[in-house]
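*Asks:* please find the sequence and the predicted model below.
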Amino acid sequence: MRADNAGDVVDGNAVAGLLAEVFEADATSLVGVCGGCQAAAPLAETVVEIDEVAAIMRCRTCTHTLLTILRAPAGTRVVVGTLRELRAQ
Ligand SMILES: [Zn+2]
């Protein structure tokens, strides 16, 4: 498969560098856009309900769940809620 012009279909390896541009920063400094109310704010400014097994990150503006981080013996995983967009500042 070629990736030398728009419209080519390739596998996910082709976006490794693009993803690294977003995720290389401290994740809490990433700006999240809420799909519920369109508010944009750093993840550090979300409201978090946290216990030993889960951290629920809620939009400070509308309280929708942006994402949930789950701790389990098999590893930590992220379940995406109403988070519409993540971007580096
Ligand atoms: Zn919201």
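*Replies:* It's in.
*Asks:* can stretch 21-35 be said to contact the ion?
*Replies:* Yes - on the criterion Cβ under 5 Å from the ion, stretch 21-35 is in touch with the ion at Cys34. The C-beta positions use only the backbone N, C-alpha and C, and glycine is treated the same way.
*Asks:* what residues sit buried inside stretch 78-88?
*Replies:* By neighbour count with 16 or more other Cβ atoms under 10 Å, stretch 78-88 contains the buried residues Gly81, Thr82, Leu83, Leu86.
*Asks:* just the terminal-to-terminal distance for it.
*Replies:* One end of stretch 78-88 to the other measures 18 Å (Cα to Cα, to the nearest Å).
*Asks:* do the same with stretch 60-77
*Replies:* The first residue of stretch 60-77 is 22 Å away from its last residue (Cα to Cα).
*Asks:* any chance of the buried residues of stretch 78-88 in CSV with pLDDT as columns?
*Replies:* CSV is the format used below for these (pLDDT from 0 to 100):
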residue, pLDDT
Gly81, 98
Thr82, 98
Leu83, 98
Leu86, 95
